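Q: Kindly return the folded structure for what I paste below:
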Amino acid sequence: MTDKTLYVTQPHLPPLEEFLPYLEEIWERRILTNGGPFHQQLEKALCEYLGVEHIALFANGTLALVTALQSLRITGEVITTPYSFVATAHSLLWNGIKPVFVDIDPHSLNLDPRQIEAAITPQTTAILPVHCYGRPCDVEAIQRIADNYNLKVIYDAAHAFGVRDAGGSVLRHGDLAILSFHATKVFNTFEGGAIVCPDAKTKQRIDHLKNFGFVDEVTVAAPGINGKMSEINAAFGMLQLKHVDAAIERRGQLDRQYRDALGEVAGLHCLPRDGAARDNHAYFPILVEDGYPLSRDALYARLREHGIHARRYFYPLISDFPMYRGLPSAQSGNLPVAAGISERVLCLPIYPDLTDEQQQRVIDVLRACAIPAFASQAPCVSVPCA
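A: Purely as a prediction, here's the structure:
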């Protein structure tokens with residue numbers, strides 16, 4: 001349908017009939033949680049697919065973040081980015097840790113290594129960067145700083161499923177890396193998450209923490225939490241793995257089509273490709289610059305008039321929310337790049353089931369509104385691309 005509302009993303013779901021045999025196995029075994037067969041199979045399959053040694057599955061990515069900080073016994077202050085989803089910083093507050101925000105790089109939109117060193121104090125214990133939009137951080141520079149100051153590095157890799165750099169999986173960097181398998185992600189298990197662990201001992205500690213701290217039936221070694229992934233979620237993940245390569249390929253096709261159609265539109269800036277050996281095309285952000293007839297927020301509203309729900313990821317900044325804005329590091333003067341990007345960014349619809357015709361609807365509105373005569377109309381009139 002041409003008038004169907006388009007959202008910035010839509011969960012990728014395989015054919016329902018393919019999931020039924022998995023459910024039948026669960027019904028037959030009657031094992032629903034606590035590290036059942038599908039849970040174990042998915043951990044092994046993800047290690048193989050992602051090219052990492054150890055993975056601990058979680059009920060969601062936020063619980064994985066909270067537990068990762070617990071597992072490394074992080075305290076004091078942690079340097080992180082204001083340009084992310086709030087769960088990044090919330091995980092620090094849940095652990096009684098003070099977030100210290102530093103600015104982002106204007107090109108990658110990731111934590112700027114040049115800003116990190118100046119923010120380190122005697123209370124700093126770790127760095128929590130985000131591979132924003134799945135674009136890899138400057139991992140080598142961040143690791144050099146961490147090594148110089150004896151800091152832990154925990155990567156929020158919620159967007160980075162399947163992303164590889166020249167040396168392999170981007171998830172191998174840092175002390176830990178955290179994934180989200182939320183419904184909106186490139187790979188989803190309805191809800192879910194994971195911690196990529198460097199060794200078996202670390203994974204064992206994390207597995208204890210996500211199960212109330214139980215070591216065995218009568219031994220509780222730590223004040224853990226219930227973070228376990230269910231068998232239904234794990235089974236769905238096993239099925240999703242069969243389809244994820246095709247889903248990423250389709251995302252890449254949509255990415256190329258956006259770039260071809262919008263690359264010459266004055267005032268719309270498509271972020272350059274990041275040079276990753278394998279991108280997952282998790283998002284398609286554009287920056288609305290001064291040369292475009294509409295402001296970012298006016299374009300956001302205009303797209304909605306046409307049933308296109310783009311999103312201003314990430315606006316407001318985390319540092320603008322009430323629980324953070326009182327921090328000295330949260331002052332906008334300390335974060336000029338992040339503040340500027342937040343006011344100009346707009347993420348366009350991109351997901352495997354988005355058709356070429358639906359994508360063309362988005363492109364038509366963006367191109368039509370680039371013409372001042374059309375931009376002044378309400379609503380603007382879509383015109384075909386030349």
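
Q: rest of the way, CA atoms for contacts and neighbours
A: Fine.

Q: Quick check: the gap between the residue nearest in space to the middle of the chain and residue 277.
A: Nearest to the mean C-alpha position of the chain, by C-alpha atoms, centre = their mean, lies residue 159 at 2.7 Å. The gap separating residue 159 from residue 277 is 16 Å, by C-alpha to C-alpha, to the nearest Å.

Q: got a list of what the residue nearest to the centre of the chain touches?
A: Contacts here follow C-alpha atoms under 8 Å, 6 or more residues apart in numbering; on that basis residue 159 touches 131-134, 179-180, 185-186, 282.

Q: cool, and residue 79?
A: Residue 79 makes contact with 99-102, 116, 119-120, 124, 126-129, according to C-alpha under 8 Å, 6+ apart.

Q: at 10 Å what do you get?
A: The contact partners of residue 79, by C-alpha atoms under 10 Å, 6 or more residues apart in numbering, come to 89, 98-102, 111, 115-117, 119-121, 124-129, 153, 329.

Q: filter the residues you listed to the buried ones?
A: 89, 98-102, 111, 115-117, 120, 124-129, 153, 329 (16 or more other C-alpha atoms under 10 Å).

Q: from the middle of its chain, how far away would stretch 101-111 be?
A: 15 Å (C-alpha atoms, centre = their mean, to the nearest Å).

Q: nope, stretch 284-295 is what I meant
A: Distance, centroid of stretch 284-295 to centroid of chain: 23 Å (C-alpha atoms, centre = their mean).

Q: Likewise for stretch 4-24?
A: With C-alpha atoms, centre = their mean, you get 20 Å for stretch 4-24.

Q: Between its first and last residues, how far does that stretch reach?
A: Distance between the two ends of stretch 4-24: 34 Å, counting by C-alpha to C-alpha.

Q: Check stretch 74-81 too.
A: Per C-alpha to C-alpha, stretch 74-81 runs 17 Å from first to last residue.

Q: Equivalent analysis for stretch 301-312, please.
A: Note: stretch 301-312 ends 11 Å apart using C-alpha to C-alpha.

Q: and it, average pLDDT?
A: The pLDDT scores in stretch 301-312 average 98.

Q: buried sites along it?
A: Here stretch 301-312 shows 301-304, 306-312 as buried, counting by 16+ other C-alpha under 10 Å.

Q: In helices, which of the residues you listed appear?
A: 301-304 (DSSP state H).

Q: can you tell me which helix in the chain is longest?
A: Under DSSP H, the chain gives helix 244-262 as its longest helix.

Q: Give the buried residues for the following helix or strand past that helix.
A: For helix 244-262, the following helix or strand on the C-terminal side (DSSP states H and E) is strand 268-270. Of the residues in strand 268-270, 268-270 count as buried by neighbour count, 16+ other C-alpha under 10 Å.

Q: Could you single out the nearest of the residues you listed to residue 362?
A: Within these, the smallest distance to residue 362 is 13.3 Å, found for residue 268 (C-alpha to C-alpha).

Q: and that closest one, what is it in contact with?
A: 262, 286-292, 296, 344-346, 366-367, 370.

Q: what's around residue 321, how many residues?
A: 12 (other C-alpha atoms under 10 Å).

Q: Which pLDDT value goes with it?
A: pLDDT, read off for residue 321, is 98.

Q: Let me know the average pLDDT across the helix or strand hosting residue 99.
A: Per DSSP H and E, residue 99 falls inside strand 98-101. The average of the pLDDT scores along strand 98-101 is 98.

Q: Sheet partners, orientation included, of it?
A: Neighbouring strands of strand 98-101 in its sheet, by DSSP bridges, are strand 77-80 (parallel).

Q: Beyond the partner strand, next helix or strand please.
A: The helix or strand immediately downstream of strand 77-80 is helix 87-94, counting by DSSP H and E.

Q: what comes into contact with that following helix?
A: Contacts of helix 87-94 (C-alpha under 10 Å, 6+ apart): 61-70, 74-82, 96-101, 128-130, 155-156, 158, 318-319, 323-324.

Q: give me that answer again for 7 Å
A: 62, 65-66, 98-99 (C-alpha atoms under 7 Å, 6 or more residues apart in numbering).

Q: How about exporting the longest helix of the chain as PDB, limited to the C-alpha atoms?
A: Output in PDB follows, covering the C-alpha atoms of helix 244-262 (Å, rounded to 0.1, in the frame of the first residue of the first chain):
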ATOM      1  CA  VAL A 244      20.600 -12.400   9.100                       C
ATOM      2  CA  ASP A 245      23.000 -12.400   6.100                       C
ATOM      3  CA  ALA A 246      20.200 -11.700   3.700                       C
ATOM      4  CA  ALA A 247      18.800  -9.100   5.900                       C
ATOM      5  CA  ILE A 248      22.200  -7.200   6.100                       C
ATOM      6  CA  GLU A 249      22.600  -7.500   2.300                       C
ATOM      7  CA  ARG A 250      19.200  -5.900   1.800                       C
ATOM      8  CA  ARG A 251      20.100  -3.100   4.300                       C
ATOM      9  CA  GLY A 252      23.200  -2.500   2.300                       C
ATOM     10  CA  GLN A 253      21.200  -2.200  -0.900                       C
ATOM     11  CA  LEU A 254      18.900   0.400   0.700                       C
ATOM     12  CA  ASP A 255      21.900   2.300   2.000                       C
ATOM     13  CA  ARG A 256      23.400   2.500  -1.500                       C
ATOM     14  CA  GLN A 257      20.100   3.600  -3.000                       C
ATOM     15  CA  TYR A 258      19.700   6.400  -0.500                       C
ATOM     16  CA  ARG A 259      23.200   7.600  -1.200                       C
ATOM     17  CA  ASP A 260      22.700   7.500  -5.000                       C
ATOM     18  CA  ALA A 261      19.400   9.500  -4.700                       C
ATOM     19  CA  LEU A 262      20.400  12.000  -2.000                       C
END
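
Q: for it, which positions count as buried?
A: Neighbour-count burial for helix 244-262 flags 244, 247-248, 250-252, 254-255, 257-259, 261-262 (criterion: 16+ other C-alpha under 10 Å).

Q: With distance to residue 138 and pLDDT as extra columns, can I get these in a markdown table?
A: Shown next, in a markdown table, are those (distance: C-alpha to C-alpha, whole Å; pLDDT from 0 to 100):
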| residue | distance to residue 138 | pLDDT |
| --- | --- | --- |
| 244 | 26 | 98 |
| 247 | 27 | 98 |
| 248 | 23 | 98 |
| 250 | 27 | 98 |
| 251 | 24 | 98 |
| 252 | 23 | 98 |
| 254 | 26 | 98 |
| 255 | 23 | 98 |
| 257 | 28 | 98 |
| 258 | 26 | 98 |
| 259 | 24 | 98 |
| 261 | 30 | 98 |
| 262 | 28 | 97 |
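
Q: Having no further points to raise, I will conclude here.
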